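In: Generate a structure from the sequence data that follows.
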Amino acid sequence: MITNTLIKEAQNGNEEALNEIFEECKSLITLKNRKYFIIGGDKDDLFQEGMIGLIKAIRAYDETKSSFKTFALLCIKRQILTAINTDNAGKNRFLNQSINDFYITEEDDFSYDNRSLSFYNPEELFLAKEKLNLLENYLEGLLSKMEMAVFRKMEQGYSYVEIAEILGITSKASDNCIQRIKKKINKFIEKYELN
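Out: Numbering: from 1, shown residues only. Purely as a prediction, here's the structure:
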């Protein structure tokens, strides 16, 4: 059983306490990651992300605010979702980089499942960059200053909690801002039929 004393020991660096919490929470992590997946990944990847979320929960837990189980489940879920979103954003990261930034070497893997750009033809890269420019122009005219600041941090792969810390706003404000941005991007996609 996870007690506040055990959590405090883990927060103070007691490895045995940390391992005991890990053992107790393995089933929670498995339960949380069961309904998610990462394209090209497996359940072990999500389990590792869940463990990272658990570590964050242990470090940040304050017994005066909620039960550890509730807080840990929240942190685990957020870490898994952040990993999924970051992985999904990584598939489109080439849109934010110049075509000239990519060089082909003999060591490049040209297999289909490699996420390198080597199998994209120049026309596809050009069209993708044009779509990105169109989206950015659309958003610059539509987003508030705060939404644009949050959007820029999202592009860099920050989680909503990290964005809140960087911009000096609450996590709730950051999350609400991200939800508004997503709605505006979806309207753009519907308008221009970009799938």
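
In: What is the burial count for the nearest residue to Glu63 once chain neighbours are set aside?
Out: Nearest residue to Glu63 in three dimensions, chain neighbours excluded: Asn4, at 4.9 Å (Cβ to Cβ, 6 or more residues apart in numbering). (Glycine included, C-beta is placed from N, CA and C.) The tally of other residues near Asn4 (other Cβ atoms under 10 Å) stands at 11.

In: gap between Asn4 and Gly50?
Out: Asn4 is 22 Å from Gly50, where distance means Cβ to Cβ, to the nearest Å.

In: got it, and Lys191?
Out: According to Cβ to Cβ, Lys191 and Gly50 sit 37 Å apart.

In: More neighbours: which of these two?
Out: A count of neighbours by other Cβ under 10 Å puts Gly50 above the other of Lys191 and Gly50, at 28 against 9.

In: got the contact list for that one?
Out: Residues in contact with Gly50 (Cβ atoms under 8 Å, 6 or more residues apart in numbering) are Ile29, Thr30, Lys32, Asn33, Ile76, Gln79, Ile80.

In: outside of stretch 150-163, which residues touch it?
Out: So stretch 150-163 is contacted by 78, 82, 86, 89-90, 96, 139, 143, 166-167, 169, 171, 174-175, 177-178, 181 (Cβ under 8 Å, 6+ apart).
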